[in-house]
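give the three-dimensional model of this entry:
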Amino acid sequence: MEMSTLQVEDLMEDQPATLKYSGPEQKAQEAADLMNEKGVETLVLVDEGGRPLGLVTAQMVEQAAGGARLREVMAAEIEPLKQRHDLLTATHMMANSDYDSLPVVNAKGRVVGILTAMGLTGVFSARLNQPNGSNEAANEAPPESEKR
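Reported below is the predicted structural model:
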């Protein structure tokens, strides 16, 4: 697939780890427990309808005091990516955020995925390693005249 046609939905991780935000008394430890259970470093906090309210990372929770509330450690002012955003837009938004993961929402604003900086880096790295957008030439054997 050409770089110019790739969209966020082509690179996002489906079924991101989410935690329903239950209110101001919810403890950060609940997020830590879920991250450990799921083996993830980032959770998307969602409302009852599955719309993103913020992010919480393992680092945020680790830096919090023992009985900290989730609202005290979460990042609430995040701008989610849309499934149909192109990669240039996604890269710009990621670069201008303080996070290496951003939630992805569908047309109804519900979380459907997460895009990581690692995912973006991977696609660009793979593309840079392909001469003229293809690695076929690299796999061809040299002509007989060049083998000597």
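
give me the pLDDT value at the spatially closest residue to L19 that is not a sequence neighbour.
Distance criterion CB to CB, 6 or more residues apart in numbering; nearest residue to L19, sequence neighbours excluded, is L43 at 4.9 Å. C-beta here means a position set from N, CA and C on the backbone, and glycine is covered the same way. On the pLDDT scale, L43 is placed at 97.

L43 contacts A31, correct?
Yes: with contact defined as CB atoms under 8 Å, L43 and A31 form a contacting pair (5.5 Å).

what do the two both touch?
19, 56 (CB atoms under 8 Å, 6 or more residues apart in numbering).

re the thing from before, what strand or helix carries the residue nearest to L19?
strand 42-46 (DSSP states H and E).

packing partners for that strand?
strand 18-20, helix 28-38, strand 52-57, strand 111-116 (3 or more CB pairs under 8 Å, 6 or more residues apart in numbering; DSSP states H and E).

and the angle from that strand to strand 111-116?
Per axes from the mean of the first three to the mean of the last three CA atoms, to 10 degrees, the angle that strand 42-46 makes with strand 111-116 is 150 degrees.

pull the residues that contact strand 42-46.
16-21, 31, 34-35, 52-58, 70, 74, 99, 101, 103, 111, 114.

adjacent strands (with direction) for that strand?
strand 18-20 (parallel), strand 52-57 (antiparallel) (DSSP bridges).

and the next helix or strand after the last one, what does it pack against?
Reading on from strand 52-57 to the C-terminus, the next helix or strand found by DSSP H and E is helix 58-63. The criterion is 3+ CB pairs under 8 Å, 6+ apart, and the helices and strands that helix 58-63 contacts are helix 28-38, helix 70-73.
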